[in-house]
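Engineer: Need a 3D model of the following:
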Amino acid sequence: MIQDIYPSKLDNSYKIQKLTAKDYVLWFNAEGKTYVRISEESIGFVTGSDVKDSSAIYLFSVDDQRYFLVLGEVDFHDPEFGYYSIRELRDKSNGKELFATFTAYHLWKWYADNRFCGVCAGKLVPSEKERALACPSCGNIVYPRINPAVIVGVINGEKLLLTKYRKGYAHNALVAGFTEIGETLEETVAREVMEETGIRVKNIRYYKSQPWGMAQDILVGFYCEADGDGEIHMDESELKYAEWVKREDIELQPNNLSLTNEMMKMFKEGKERNRKIKLYDYIPG
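Structural biologist: Model prediction:
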């Protein structure tokens with residue numbers, strides 16, 4: 001998956017650092033596209049020697065390589081570089097540089113969306129103590145936004161429930177959705193499957209999680225079984241396809257970046273039972 005960059009390691013601890021010549025620098029335009037170079041499925045970044053900006057914000061490091069963010073656009077041009085969306089980069093590259101770009105996008109989106117205090121409308125400034133934005137006027141603190149969402153592999157015997165979204169991503173997917181206020185993750189699983197496909201589920205069990213900076217998400221994967229005959233009543237406003245598919249007939253996504261693809265692959269290869277995971281039975285209230 002995108003975060004599997006071993007033996008490299010992300011260090012996201014908050015630090016006050018000054019930009020140096022060898023550091024990588026990212027910025028995003030109004031459309032959320034970042035200025036990078038693509039070559040041989042890898043991403044090349046602008047460095048601190050190209051951009052001398054004292055306002056650059058330290059984001060994190062991958063191994064010994066530090067990444068900084070400049071808010072707004074930078075007057076730097078190179079014919080080998082161009083603006084690419086996160087989705088375009090996902091299709092063109094992989095590795096630790098792509099994970100770093102996803103994570104940088106997550107933080108940029110948070111900084112860009114939180115310029116003013118929601119309590120008193122004062123201008124927010126970066127905290128000097130932690131990864132947060134502080135209001136000097138009223139003391140309000142704003143932390144990075146992380147959206148919890150579930151990915152659900154619904155099983156019916158030797159078949160898995162595959163879907164395709166009505167809009168956006170064109171390849172096979174699993175039922176997915178965001179957790180609502182006052183809801184457990186297990187309740188999210190049962191509700192989303194019911195809303196999108198009309199299927200009740202049982203034996204909800206945790207599989208794995210994944211950070212997904214593209215949408216500021218933390219994705220939480222679960223497997224479960226259909227409770228009943230598994231008749232599908234698809235929500236056509238959300239999906240254009242929802243079908244039970246045999247293991248051997250599952251068509252995977254074109255890359256191995258997503259939790260969704262890994263869960264489909266595990267089921268296709270009959271490995272979804274290999275993990276020792278706790279079972280939850282969802283009982284509607």
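
Engineer: which strands and helices sit next to the helix or strand hosting Ile218?
Structural biologist: Assigned by DSSP states H and E, Ile218 falls within strand 217-226. The helices and strands touching strand 217-226, judged by 3 or more C-beta pairs under 8 Å, 6 or more residues apart in numbering; DSSP states H and E, are strand 147-156, helix 185-197, strand 201-212, helix 259-268. All C-beta spots, glycine's among them, are computed from the backbone N, C-alpha and C.

Engineer: can you put these in JSON lines and add distance to Leu133?
Structural biologist: Output for these, formatted as JSON lines (distance: least, C-beta to C-beta, whole Å):
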{"stretch": "strand 147-156", "distance to Leu133": "18"}
{"stretch": "helix 185-197", "distance to Leu133": "28"}
{"stretch": "strand 201-212", "distance to Leu133": "20"}
{"stretch": "helix 259-268", "distance to Leu133": "29"}
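
Engineer: Next one: the residue lying closest to Met194 once chain neighbours are set aside, what pLDDT does it get?
Structural biologist: Ranked by C-beta to C-beta, 6 or more residues apart in numbering and with sequence neighbours excluded, the top spatial neighbour of Met194 is Arg200, at 6.5 Å. As predicted, Arg200 sits at a pLDDT of 97.

Engineer: what are the C-alpha coordinates of stretch 125-139, in CSV please?
Structural biologist: Taking Å, rounded to 0.1, in the frame of the first residue of the first chain, the C-alpha atoms of stretch 125-139 are listed here in CSV:
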residue,chain,number,x,y,z
VAL,A,125,-0.7,31.3,13.0
PRO,A,126,1.4,28.1,13.3
SER,A,127,1.9,27.0,16.9
GLU,A,128,5.5,26.9,18.1
LYS,A,129,4.7,23.9,20.4
GLU,A,130,2.9,21.3,18.2
ARG,A,131,1.4,20.7,14.8
ALA,A,132,-1.5,23.1,15.3
LEU,A,133,-2.8,26.5,14.3
ALA,A,134,-3.3,29.0,17.1
CYS,A,135,-5.4,32.2,17.3
PRO,A,136,-3.4,34.9,19.0
SER,A,137,-6.7,36.8,19.7
CYS,A,138,-8.8,34.3,21.6
GLY,A,139,-6.5,31.3,22.1
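
Engineer: Check the offset of that stretch from the chain's centre.
Structural biologist: Distance, stretch centre to chain centre, for stretch 125-139: 25 Å (C-alpha atoms, centre = their mean, to the nearest Å).

Engineer: Unless I misread the structure, Ala100 falls within a strand.
Structural biologist: No: assigned with DSSP: H, G, I helix; E, B strand; the rest coil, Ala100 falls outside any strand and is helix.

Engineer: Let me see the contact set for it.
Structural biologist: The contact partners of Ala100, by C-beta atoms under 8 Å, 6 or more residues apart in numbering, come to Leu10, Tyr24, Phe60, Val62, Tyr67.

Engineer: what's around the fourth one, how many residues?
Structural biologist: Applying other C-beta atoms under 10 Å, we find 19 other residues in the vicinity of Val62.

Engineer: just for the stretch 101-250 of the chain, where's the confidence low?
Structural biologist: Residues of the stretch 101-250 of the chain meeting the criterion pLDDT under 70: 168.

Engineer: just checking, Ser42 touches Ser93?
Structural biologist: Yes: using C-beta atoms under 8 Å, Ser42 makes contact with Ser93 at a distance of 6.1 Å.

Engineer: which one is Ser137 nearest to, not counting chain neighbours?
Structural biologist: Ser137 sits nearest to Gly122 (C-beta to C-beta, 6+ apart), 3.6 Å away.

Engineer: er, Cys120 actually
Structural biologist: Using C-beta to C-beta, 6+ apart, the nearest residue to Cys120 is Cys138, at 4.4 Å.

Engineer: contacting residues for that neighbour?
Structural biologist: Cys117, Val119, Cys120, Gly122.

Engineer: so how far is Phe116 from it?
Structural biologist: Distance, Cys138 to Phe116, by C-beta to C-beta, to the nearest Å: 12 Å.

Engineer: Name the residues contacting each of those two.
Structural biologist: Shared contacts of Cys138 and Phe116, counting by C-beta under 8 Å, 6+ apart, come down to Gly122.

Engineer: Before I go, just wanted to say thanks for your time.
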